[in-house]
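Undergrad: just coords:
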Ligand SMILES: O=P(O)(O)OC[C@H]1O[C@](O)(CO)[C@@H](O)[C@@H]1O
């Protein structure tokens, strides 16, 4: 059965939210905190050690209830169940959407048509484990009999961003294998990556769900030529090349042996695929046990998402807050700022996850929507952003909600650095919320003995404040916690798309550019 099809603007909850917006759009968050001493606790969600404080938002109890009512009215519960039970919710491509099956630690059956997909999932995971252990231990040899030292992931979009982000984020847990990622069709990118590599000891992992993507195939062919030009033969390819794909025929045409193919399925969207064999580069870089922990973290979030009541549900609450700003305040963008240098690739990863999913302008009936859909996601790591774009968030004319992501402990345990990092983390959220009034600036200049500057500087030093943010805190950046964090944003994206009444799991918007590029090439 298809997803319910309902224009969200026709719901009672939407009308109530419009009224609530008119009444409360300029609500002073400081007053909300004064009125309710328990606000911080009340507006904080928990899943084990993962806490999400959403108290610094222009939301009062009334608004929050209407947001929850919106989720009820469009029957979000039904949408979630349909995803988890393998319904064809990617209608335009006639596919189920089952990234949750890839990390289904309960191993309870998940059916697509009559087929329990868990059997194939478990087989592929076992194959990834066996192969990655063989490579890491040095038992899998390159074509001249030497152990592998370097792994190159060749893929783009979901076949690159997920594994790249996870390998980078979890580099603390990495083994001796060096990881490289080639995505762009820019030949300089390819040459810069392979120039130092030894073809004898390098494993190339070609990742393409379709195995028709121009970038990936061009890059893979260039590398194959380079490999063959170094004295290797066609026969040697089986030692140094493996592929991840659904398109077994095309992989065979490329010259990769059948037992070197790791399968995936059409019910895994590219941007949701790092949990599948697309994560092979993750297993190779971190070892299978760490990959398994990543899956466990995501599974725990899946369970929470599926079972927690809406008002306690982390992805749902984050999605509703986002809709509140996007559709009522008409903010266009959201900033995501992880306070961990390890998460440098997190925002580029999230950009595909969110923007390729929800950048749609027709509803599930094929009619143009008369409301805003996908958010623009941007950001980078703190504290770097404080010296870059935060000026605009603090004092610019736009209202830009922020997600701050932080960890209680650093991995190397350097307390001095970590205390300073986290002091900045909390200070940014506080500064956005508190602001600085005219009176405060006045007093500050006076106290600093700068009375003579008051007339000149006063307006420039005022911070309007009352700017919204969520604060997401985990104990430390572990594989399990990263799994939880990624799954949080995956489900947030699902909820937004569901409520906006769009299809989040196709991506026809990338096709026109591809077609025209072929014409330009000709
Ligand atoms: O894995 P493939 O088939 O090469 O596709 C790569 C990427 O291209 C897209 O289809 C479009 O950008 C993404 O959704 C996907 O992640």
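TA: Arrived safely, thanks for sending. Since the structure is predicted, the reported quantities are computational estimates derived from the model, not experimental observations.

Undergrad: residues near residue 253, how many?
TA: Look at residue 253: counted by other CB atoms under 10 Å, it has 10 neighbours. No exception for glycine: its C-beta is placed from N, CA and C like everyone else's.

Undergrad: give the helix, strand or coil label for it.
TA: Assigned with DSSP: H, G, I helix; E, B strand; the rest coil, residue 253 falls in the helix class.

Undergrad: for it, give its distance to the ligand.
TA: According to CB to the nearest ligand atom, to the nearest Å, residue 253 and the ligand sit 15 Å apart.

Undergrad: same question for residue 430.
TA: The gap separating residue 430 from the ligand is 38 Å, by CB to the nearest ligand atom.

Undergrad: so which elements touch the helix or strand containing that residue?
TA: Following DSSP states H and E, one finds residue 430 within helix 415-434. Applying 3 or more CB pairs under 8 Å, 6 or more residues apart in numbering; DSSP states H and E, one finds that helix 415-434 contacts helix 29-35, helix 390-395, strand 402-407, strand 469-474.

Undergrad: out of the ones you listed, which is closest to residue 109?
TA: Residue 109 lies closest to strand 469-474 among the helices and strands packed on helix 415-434, at 31.3 Å (CB to CB).

Undergrad: check whether the very next helix or strand once past that closest one comes near the ligand.
TA: For strand 469-474, the succeeding helix or strand toward the C-terminus, using DSSP H and E, is helix 479-499. No. Using CB under 6 Å from any ligand atom, helix 479-499 stays clear of the ligand, coming no nearer than 13.5 Å.

Undergrad: state the mean pLDDT of helix 479-499.
TA: For helix 479-499, mean pLDDT is 98.

Undergrad: now do it: distance to the chain's middle.
TA: 7 Å (CA atoms, centre = their mean, to the nearest Å).

Undergrad: make 672 the first number, not 1, from now on.
TA: Sure, I'll start counting at 672 from here, so that last one is helix 1150-1170.

Undergrad: by how many degrees do that helix and strand 1073-1078 diverge?
TA: Using axes from the mean of the first three to the mean of the last three CA atoms, to 10 degrees, the direction of helix 1150-1170 lies 160 degrees away from that of strand 1073-1078.

Undergrad: do the helix or strand that comes right after helix 1150-1170 and the ligand meet?
TA: Downstream of helix 1150-1170, the first helix or strand assigned by DSSP H and E is helix 1182-1192. No. Applying CB under 6 Å from any ligand atom, one finds helix 1182-1192 out of contact with the ligand, separated by at least 8.1 Å.

Undergrad: out of the helices and strands packed on helix 1086-1105, flag the one nearest the ligand.
TA: Closest of the helices and strands packed on helix 1086-1105 to the ligand is strand 1073-1078, at 23.1 Å (criterion: CB to the nearest ligand atom).

Undergrad: partner strands of the closest one and their direction?
TA: strand 1004-1009 (parallel), strand 1140-1145 (parallel) (DSSP bridges).

Undergrad: and of those strands, who's closest to residue 807?
TA: When the strands paired with strand 1073-1078 are compared for distance to residue 807 using CB to CB, the nearest one is strand 1140-1145, at 27.1 Å.

Undergrad: now name the helix or strand holding residue 1048.
TA: Assigned by DSSP H and E, residue 1048 belongs to strand 1047-1049.

Undergrad: same for that strand, what does it pack against?
TA: Here strand 1047-1049 touches strand 1004-1009, helix 1017-1022, going by 3+ CB pairs under 8 Å, 6+ apart.

Undergrad: ok, residues contacting the last one?
TA: The one in question is helix 1017-1022. For helix 1017-1022, the surrounding residues in contact (CB atoms under 8 Å, 6 or more residues apart in numbering) are 832-833, 835-836, 840, 1007, 1009, 1048-1051, 1076, 1157, 1160.

Undergrad: the same query, at a cut-off of 10 Å, please.
TA: Applying CB atoms under 10 Å, 6 or more residues apart in numbering, the contact partners of helix 1017-1022 are 829, 831-837, 839-840, 942, 945, 1005-1009, 1011, 1014, 1047-1052, 1074, 1076, 1153, 1156-1157, 1160-1161, 1163-1164.
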